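In: Model the structure of this input:
(2 chains)
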Amino acid sequence: MLWQQIVNGISIGSIYALISMGLAMVYGIMRILHVAHAGIYTIGAYLGLYFFRLTGDLFLSTLLSMFICALIGVIVQRFVYYPLLRFPPFVPLIAGIAMFLSIGELCRLIAGPYPLSFPARVPLPSFNLAGVSISPVQGMIFLSTGVILLLQWFITSKTSFGLMMKASSQDMEMAESSGINLKMVVAMTFALGSAFAAIAGILVGINYNQVYPTMGDMPAYKSLALIVVGGLSSVSGAVVASLLLGIAETLLIGYAKIPLPRDALAFIAMIAVLLLRPQGIFGRRR
Amino acid sequence: MTLGYLFTVLTTILINVIAVLGLNIILGYAGQISLGHAAFMGIGAYASAILSTKVGLPFWIAFPLAILISGFIGFLLGMPSLRVKDDFLAITTIGINFIVQAIFLYVPFFGGALGIGGIPKPKIGDFTFRGGYYLVIVSAIFILGLIFSIKFHRSWAGLASESIREDELAANVVGVNPTRFKLMSFVLGSAYAGAAGSLYAHFMGFISSDDFGFPLSVTFLSMLVFGGVGTVRGSVLGAFILGVLPELLRPLAQYRLLFYGVLLLLMLRFCPGGIASLIRIRR
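Out: As a prediction, the model looks like this:
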């Protein structure tokens, strides 16, 4: 029972990780809190569902949705965030919130306010290991999160693009003056993060069998708390914080009888981290 | 359009203006972002509601007490939160909003999911202030708040707060204690929010935790940014325009929120100084 809960927790945590990874990448390079990221996650879920209904092929529709979301991410950064960088940090933050609101409303107006079901069948067997069962959807969540984590690790530590990303996140101006095409690096970061968010949206849609306009609300603010706990620009910190939160939330519902909703847990953890260790659980002091 | 409708709309707008004036002290003067302003409005509203329904105090005592309580809780929550800056402070205040709302919802003392009902209107003897008469009270408090806000801006403490907004290090070097003045603005702003909350509670007669969620904090911030951060006329204009627009756009209710979001986005993108920056007043 305990192990089953932990497996369920890790599957929820994996989805948090997919969302907060993109957010940490964007913060690392541009130092902005990209609230509209959760809007892109919602769009990703809707697009995935749309293409799935059109083609019936889950893999193809996920790829299409990722591609379009990556494009949207690039457009958002180019036309909204980039020109706002010279203002105090609350300006891009509020712009992000405004964008997030508008995206949710657009989805509601186009697709209707009711949850749509996502009747995809995952081509995976269900496992049963010593009393712990892993459903096909959970299997897919673990598989895709694993693949993306590997991909992300490969890009940041083995390619020259990863090196450019690191350089830009340490000092944008220095990176640019040493010949790095900063605009390209920033655009690619947004594209990658948005594509990951699209996968997260589709996985959530299949897991709960529903896609609805306000599905991004909780992830939007929870993922902000998560990247703070992980140390803001640290992708690995965000991933670990996400997995821990997923487990903690599931155990809290399963066992403890604390009269606090699980959604507040992320923020309580965040405030504790800010007070005791403001650089995040893995962050180093600068 | 009936007179009652007009009174209701005006009262709601003025209550929002009072809250936005408070946010302007925190963000506009001291430069500290708060995305949890609705939580302090909620604290004022719940304080006033509990004091008048469970303790049985009249409005005239419950209202100032609610202001004091929300100012005090602003002090308690501001002390740890204001150690962090900018983005961190924004997320911390979002967290405060969610946690405060969760406490209202889950602690039985605050009425739980049912909220608190039967909050009385202000009375003197047998005379009850309702409709237009309640609007008079709200207007009077709005004017007091406006005057205090302008006075504070021109006072020594207001200047000290502004110097922190412009350059915290420089302010510190010339002898302005940043923590003290940040905290002071935060307490004042929370007290304004508390006043707005108390007025809201006695106006509606019924409150629940849903009334003070994070979206309301965003609305306040939008009003301030739309009007113009850092100016009293911007706070008033922003809250008025964004308060009246939904009433005028009622036939287009479907598209209201979308319009709201897009308007805010365009405003930030092309005119981050807000409406107030478009209007030049000769001095």
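
In: which element is the residue of the stretch 151-283 of chain B found nearest chain A on?
Out: Across the stretch 151-283 of chain B, the shortest distance to chain A (C-beta to the nearest C-beta) belongs to B:G261, at 3.5 Å. Every residue, glycine included, has its C-beta placed from N, CA and C. Using DSSP states H and E, the element containing B:G261 is helix B:256-270.

In: What residues sit buried inside that helix?
Out: Neighbour counts over helix B:256-270 (16 or more other C-beta atoms under 10 Å in any protein chain shown) mark B:257-265, B:267-268 as buried.

In: follow-up on the earlier one: how much space separates the residue of the stretch 151-283 of chain B closest to chain A from A:L101?
Out: Applying C-beta to C-beta, to the nearest Å, the value for B:G261 to A:L101 is 4 Å.

In: what about the strands in chain A?
Out: A:127-129, A:132-134 (DSSP state E).

In: The residue of the stretch 151-283 of chain B closest to chain A: what's it in contact with?
Out: Counting by C-beta atoms under 8 Å, 6 or more residues apart in numbering or on different chains, B:G261 touches A:98-99, A:101-102, A:105.

In: What's the separation between it and B:A276?
Out: Distance from B:G261 to B:A276, by C-beta to C-beta: 21 Å.

In: same question, B:T128
Out: Distance of B:T128 to B:A276, given as C-beta to C-beta: 38 Å.

In: Report the secondary structure element holding the residue in the stretch 1-150 of chain B positioned nearest to chain A.
Out: Residue nearest to chain A within the stretch 1-150 of chain B (C-beta to the nearest C-beta): B:G95, separated by 3.4 Å. Applying DSSP H and E as the criterion places B:G95 in helix B:86-106.

In: what does B:L144 give?
Out: Residue-wise, B:L144 maps onto helix B:132-154 under DSSP H and E.

In: hang on, the earlier thing: can you narrow the contacts of B:G261 to ones near chain B?
Out: A:98-99, A:101-102, A:105 (C-beta under 8 Å from any C-beta of the partner chain).

In: Name the nearest residue to residue 243, sequence neighbours excluded.
Out: Looking at chain A here, since you left the chain open. A:G13 (3.8 Å; C-beta to C-beta, 6 or more residues apart in numbering or on different chains).

In: Not quite, go with chain B.
Out: Per C-beta to C-beta, 6+ apart, closest to B:G243 is B:I13, 3.8 Å.

In: helices and strands around whichever strand or helix holds that neighbour, which ones?
Out: Take DSSP H and E as the rule and B:I13 turns out to sit in helix B:3-23. Secondary-structure packing of helix B:3-23 (3 or more C-beta pairs under 8 Å, 6 or more residues apart in numbering or on different chains; DSSP states H and E): helix B:37-53, helix B:132-154, helix B:178-204, helix B:214-227, helix B:232-248.

In: By neighbours, which of the contacts of B:G261 wins?
Out: A:A98 (27 neighbours; other C-beta atoms under 10 Å in any protein chain shown).

In: Test my guess that that residue contacts B:L258.
Out: No - between A:A98 and B:L258 there is no contact under C-beta atoms under 8 Å: 10.6 Å.

In: tell me the contacts of the residue in the stretch 151-286 of chain A positioned nearest to chain B?
Out: Residue nearest to chain B within the stretch 151-286 of chain A (C-beta to the nearest C-beta): A:F267, separated by 3.4 Å. Neighbouring residues of A:F267 by C-beta under 8 Å, 6+ apart: A:221, A:225, B:94-96, B:98-99.

In: Would you mind giving both backbone torsions of B:G115?
Out: Backbone torsions of B:G115, given as degrees, to the nearest 10, read phi 70, psi -170.

In: Distance of the closest residue to B:G274 other than its chain neighbours relative to B:L249?
Out: Closest residue in space to B:G274, ignoring its immediate chain neighbours: B:G228 at 3.1 Å, by C-beta to C-beta, 6+ apart. The gap separating B:G228 from B:L249 is 22 Å, by C-beta to C-beta.

In: Same drill for those two, tell me which one is more crowded.
Out: The neighbour comparison of B:G228 against B:L249 (other C-beta under 10 Å) goes to B:G228, with 26 against 14.

In: just checking, that one touches B:S277?
Out: Yes - using C-beta under 8 Å, B:G228 and B:S277 qualify as a contacting pair, with a distance of 5.6 Å.

In: and for these two, which residues touch both?
Out: Joint contacts of B:G228 and B:S277 (C-beta under 8 Å, 6+ apart) are B:G234.

In: and A:Q279, what pLDDT?
Out: For A:Q279, the model assigns a pLDDT of 66.

In: Residue 134 - how many residues pack around it?
Out: Here I'm looking at chain A. Counted with other C-beta under 10 Å, A:I134 comes out at 19.

In: sorry, should have said chain B
Out: Residues near B:Y134, counting by other C-beta under 10 Å, number 20.

In: which residues are contacting stretch A:11-18?
Out: Residues contacting stretch A:11-18 (C-beta under 8 Å, 6+ apart): A:138, A:141-142, A:144-145, A:148-149, A:196-197, A:199-200, A:203-204, A:207, A:219, A:222-223, A:226, A:238-239, A:242-247, A:249-250.

In: Please report phi then psi for residue 120.
Out: With no chain named, the answer covers chain A. The phi/psi pair for A:A120 (degrees, to the nearest 10) reads phi -80, psi 140.

In: Actually, chain B is the one I wanted.
Out: The phi/psi pair for B:P120 (degrees, to the nearest 10) reads phi -80, psi 160.
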